[in-house]
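Trainee: Sequence first, then the predicted structure, then my questions.
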Amino acid sequence: MTHLFLHGLGQTAASWDRVLKALPVGMDAVCPELSRLLEDGPCRYDRLYSALASRCDGIPGPVGLCGLSLGGILSMQYAMERPEKVRSLVLIGTQYTMPRRLLRVQNAVFHLMPKRSFARTGFQKQDLIHLCRSMLDLDLREGLEKITCPTLVICGEGDKANRPAATELKKRLPAAELCILKNAGHEVNVEAPEALGAVLNGFWK
């Protein structure tokens, strides 16, 4: 089975490198660069999701999805719309309805940052601003009951902003368990990759 690892906003596919080293040798792991999924055209969430869904649809057999933040939102929506395709789901620091105030603050910060600061993300400055803006009204609450596959909800111990959503996802998803990872904030895959790898191994076994 193919496992897809989807990075967060401001990260790249390389953000999973140390996590993958903690996983079993020979695992079929794919870490797409989200910025490369979009062809020419506006950088919007709906277009990014459609591109990811096409990528997943093209993989033979079931898939396992593991996503952080933006990657978790994309994974959750795909699991809602293609429940027969998703064998397992891991959601890290993931919201199911967008914190509009935080997104607006984040966009304000993006406006102030120099363009060179965005080079490592693969997205241009205006692309990230447009992407965040396109997510303001995103709300996945109505489809949560459609996710019936085994689901692991992970939140870093220091990720106070996403802790309430993690707790609520554990309650709302039919087959979910919750893991609070110690000594980690929001970017669990970067801050505690070995510990995350161990948790993932236990879940998939």
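Mentor: Good, I have the coordinates.
Trainee: Asp139 and Pro99 touch, don't they?
Mentor: No - in this structure Asp139 lies outside contact range of Pro99 using Cβ atoms under 8 Å: 11.4 Å. All C-beta atoms are positioned from the backbone trio N, CA, C, and that covers glycine.
Trainee: check contacts around Ala29.
Mentor: For Ala29, the contact set (Cβ atoms under 8 Å, 6 or more residues apart in numbering) comprises 2-5, 16, 20, 23.
Trainee: separation between it and Leu37?
Mentor: As judged by Cβ to Cβ, to the nearest Å, Ala29 and Leu37 stand 17 Å apart.
Trainee: cool, and Val86?
Mentor: 18 Å.
Trainee: next one: Gly72
Mentor: 16 Å.
Trainee: do the same with Thr151
Mentor: Distance of Thr151 to Leu37, computed by Cβ to Cβ: 23 Å.
Trainee: list the buried ones in the lowest-mean-pLDDT helix or strand in the chain?
Mentor: Every helix and strand in the chain was compared by mean pLDDT, DSSP states H and E; the lowest is helix 100-112, with a mean of 74. By neighbour count on 16 or more other Cβ atoms under 10 Å, the buried set for helix 100-112 is 103, 106-107, 110.
Trainee: cool, and stretch 190-205?
Mentor: Buried-residue list, stretch 190-205, by 16+ other Cβ under 10 Å: 190-193, 195-197, 199-200, 203-204.
Trainee: and that stretch, average pLDDT?
Mentor: Here stretch 190-205 scores 96 as its mean pLDDT.
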